[in-house]
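Student: only geometry, no sequence info:
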């Protein structure tokens, strides 16, 4: 038997033996994680929790807030996120703050919304960037000081470095609002708000110059109905391009819904919608 044939048989035998070894159910360090639960913690979350909320207890039993996020999103730069509040906004008890986080993003705190009772219902829908397999979380702070949370694990990546769309730069700052269900006087009325803006992260490459595009994103949106404040939102580039929010407010009379927008380069924009 030739030496080459002997070596070939030895290699085949070695490969067969390796195939019979038990498979370890963990990814290698730096690899993709497996068997991750929606309610699991992470080192990033533990650090964020201590920094943002200190030693305050956070309840995670689903009694006050629910988060809806796809397990496998189609596109990391535009992951749909829905917050469902299980508490009506009343003067006796209401959601006064919502915090949206993506554990493993370069900037994990995507949005913080300070709310009033005039929104009627603390539900929220938006789109976030998810840069790698990560938990997405919401923390709901009630007017009595309680903290409640929910989380979902999302398997997608590349959200903060996805090639940007530069088609709408001439419309930057254009702020549009509409009422998808019409007006419900005296009851929570949904509003769709969109700001045309690239929301550049600083991690995207210009395909022509092969240089990183400097960060430029919407950092605040303030909503008013007449003289009444609805909410103030502080945002970051973890919110997707052309930031969009679906929220509620309670119209009690004809008036003007106004959004004041500011970006990271001190650009200021506004949008107005007449009601009634």
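Tutor: Done, it's in. Not measured: the values here are computed from a predicted model.
Student: only C-alpha atoms for contact and neighbour calcs from this point on.
Tutor: Fine.
Student: what's the burial count for the nearest residue to residue 114 once chain neighbours are set aside?
Tutor: Using Cα to Cα, 6 or more residues apart in numbering and skipping the chain neighbours, the partner closest in space to residue 114 is residue 97 (4.6 Å). Residues contacting residue 97 under the criterion other Cα atoms under 10 Å number 20.
Student: if I look at residue 97, how far off is residue 83?
Tutor: Residue 97 sits 12 Å away from residue 83, going by Cα to Cα, to the nearest Å.
Student: just the strands in this protein please.
Tutor: Assigned by DSSP state E, the strands in the chain fall at 65-68, 79-85, 95-102, 109-115, 124-128, 134-142, 147-154, 175-178, 189-195, 218-225, 228-235, 244-249, 255-263, 268-275.
Student: just checking, what packs against the first one?
Tutor: Meaning strand 65-68. Contacts defined by 3 or more Cα pairs under 8 Å, 6 or more residues apart in numbering; DSSP states H and E place strand 65-68 against strand 79-85, strand 134-142, strand 147-154.
Student: 7 Å - rerun?
Tutor: strand 79-85, strand 147-154 (3 or more Cα pairs under 7 Å, 6 or more residues apart in numbering; DSSP states H and E).
Student: Same question for the shortest one: list its buried residues.
Tutor: Residues of strand 79-85 classed as buried by neighbour count (16 or more other Cα atoms under 10 Å): 79-83, 85.
Student: Name the nearest of those relative to residue 212.
Tutor: Nearest to residue 212 among these is residue 79, at 22.8 Å by Cα to Cα.
Student: residues contacting the closest one?
Tutor: 73, 127-129 (Cα atoms under 7 Å, 6 or more residues apart in numbering).
Student: Can you lay out those residues as TSV showing neighbour count, distance to residue 116 and pLDDT?
Tutor: Shown next, in TSV, are the contacts of residue 79 (neighbours: other Cα atoms under 10 Å; distance: Cα to Cα, whole Å; pLDDT from 0 to 100):
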residue	neighbour count	distance to residue 116	pLDDT
73	16	32	95
127	21	22	98
128	28	23	98
129	28	27	98
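Student: out of those, which one sits closest to residue 170?
Tutor: Taking the contacts of residue 79 together and measuring to residue 170 by Cα to Cα, the closest member is residue 127, at 22.3 Å.
Student: any idea how far the residue nearest to that closest one when sequence neighbours are not counted lies from residue 92?
Tutor: Leaving out its chain neighbours, the residue that sits closest to residue 127 by Cα to Cα, 6+ apart is residue 80, at 4.5 Å. As judged by Cα to Cα, residue 80 and residue 92 stand 31 Å apart.
Student: ditto for residue 124
Tutor: From residue 124 to residue 92 the distance is 21 Å (Cα to Cα).
Student: who has more neighbours, these two?
Tutor: Remark: of residue 124 and residue 92, residue 124 carries more neighbours, 19 against 8, as counted by other Cα under 10 Å.
Student: In contact with the more buried one, which residues?
Tutor: So residue 124 contacts 82-84, 245-247 (Cα under 7 Å, 6+ apart).
Student: okay, the residues you listed in CSV with distance to residue 42 and pLDDT next?
Tutor: What follows is the contacts of residue 124, written out as CSV (distance: Cα to Cα, whole Å; pLDDT from 0 to 100):
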residue, distance to residue 42, pLDDT
82, 21, 98
83, 21, 98
84, 23, 98
245, 27, 98
246, 29, 98
247, 29, 98
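Student: Columns distance to residue 58 on top of the strands of the chain, output as JSON lines?
Tutor: Listed next are the strands of the chain as JSON lines, based on distance: least, Cα to Cα, whole Å:
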{"stretch": "strand 65-68", "distance to residue 58": "12"}
{"stretch": "strand 79-85", "distance to residue 58": "16"}
{"stretch": "strand 95-102", "distance to residue 58": "13"}
{"stretch": "strand 109-115", "distance to residue 58": "17"}
{"stretch": "strand 124-128", "distance to residue 58": "20"}
{"stretch": "strand 134-142", "distance to residue 58": "8"}
{"stretch": "strand 147-154", "distance to residue 58": "5"}
{"stretch": "strand 175-178", "distance to residue 58": "34"}
{"stretch": "strand 189-195", "distance to residue 58": "28"}
{"stretch": "strand 218-225", "distance to residue 58": "26"}
{"stretch": "strand 228-235", "distance to residue 58": "22"}
{"stretch": "strand 244-249", "distance to residue 58": "24"}
{"stretch": "strand 255-263", "distance to residue 58": "31"}
{"stretch": "strand 268-275", "distance to residue 58": "36"}
